[in-house]
Every structure is written in structure tokens, then in C-alpha cells.
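Enquirer: here is the input, now give the coordinates:
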Amino acid sequence: MSREQKIALWVGVALIVLAGLFPPWIYLKNKHSVPQPADFGLLFWPPLESTSIDISRLLVIWATIAVVTLAAVVTLTERRVRSASG
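Expert: Predicted coordinates:
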């Protein structure tokens, strides 16, 4: 693995950790209300009372970061192979 690939991988890991530290939240007025999206907030201090982490939005964010990171690593691999053969 090249230096550029390692950098791309560690940037992806750092972004996933940051997304986990500042997750999206959902607001629930009561047990029977429809959940509404709330702000992003620090994991240890939710933005409002009666909020919980919006797992589905968080998983979409993590998946997007993972796909972009993987694409960057693969692109850097292909670039490295082309420059070595060319």
C-alpha cells in the first residue's frame, strides 16, 4: 500500500470517527409522535431533550464515507499501476 493510499484510508477512518462523535439526532415529543430530524450534536451532549441518535442517517453517512474512501484507495492503486507500467 502506497503512502497516498494510507493517507486516504486514515482520512476515511478519521471522518467516520468524527461522524460518530457528532451524530445526527431525532426529536421525539412523546412515544406516539412521528420522529423529526434534529441537529447534529456532540455524542455526549444531545442538542435537545427527548432526542436520540438517528441510526439510519448515521449509517448512510458512514456508508458514504466508506465508499468514497474505497474509491480513493482504488483510484490511487490504479494510478500507481499505470505509472509503473507506463
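
Enquirer: what sits closest to A72 if chain neighbours are left out?
Expert: The shortest distance from A72 to any non-neighbouring residue, by C-beta to C-beta, 6 or more residues apart in numbering, is to A8 (4.1 Å). (C-beta placed from N, C-alpha, C; glycine too.)

Enquirer: that neighbour belongs to a helix?
Expert: Yes: judged by DSSP: H, G, I helix; E, B strand; the rest coil, A8 forms part of a helix.

Enquirer: contacting residues around it?
Expert: Each residue near A8 by C-beta atoms under 8 Å, 6 or more residues apart in numbering is listed here: T69, A72, V73, L76.

Enquirer: which of the three states applies to the spatially closest residue to T77 that is not a sequence neighbour?
Expert: Using C-beta to C-beta, 6+ apart and skipping the chain neighbours, the partner closest in space to T77 is Q5 (6.6 Å). Classification of Q5 using three-state DSSP returns helix.

Enquirer: can you count the residues close to L58?
Expert: Neighbour count of L58, defined by other C-beta atoms under 10 Å: 17.

Enquirer: that one is in what secondary structure piece?
Expert: In the assignment (DSSP states H and E), L58 maps to helix 55-85.

Enquirer: the spatially most central residue of the chain: what's it in contact with?
Expert: With distances taken as C-alpha atoms, centre = their mean, the residue of the chain nearest its centroid is W62 (3.3 Å). Residues near W62 by C-beta under 8 Å, 6+ apart: I16, A19, G20.
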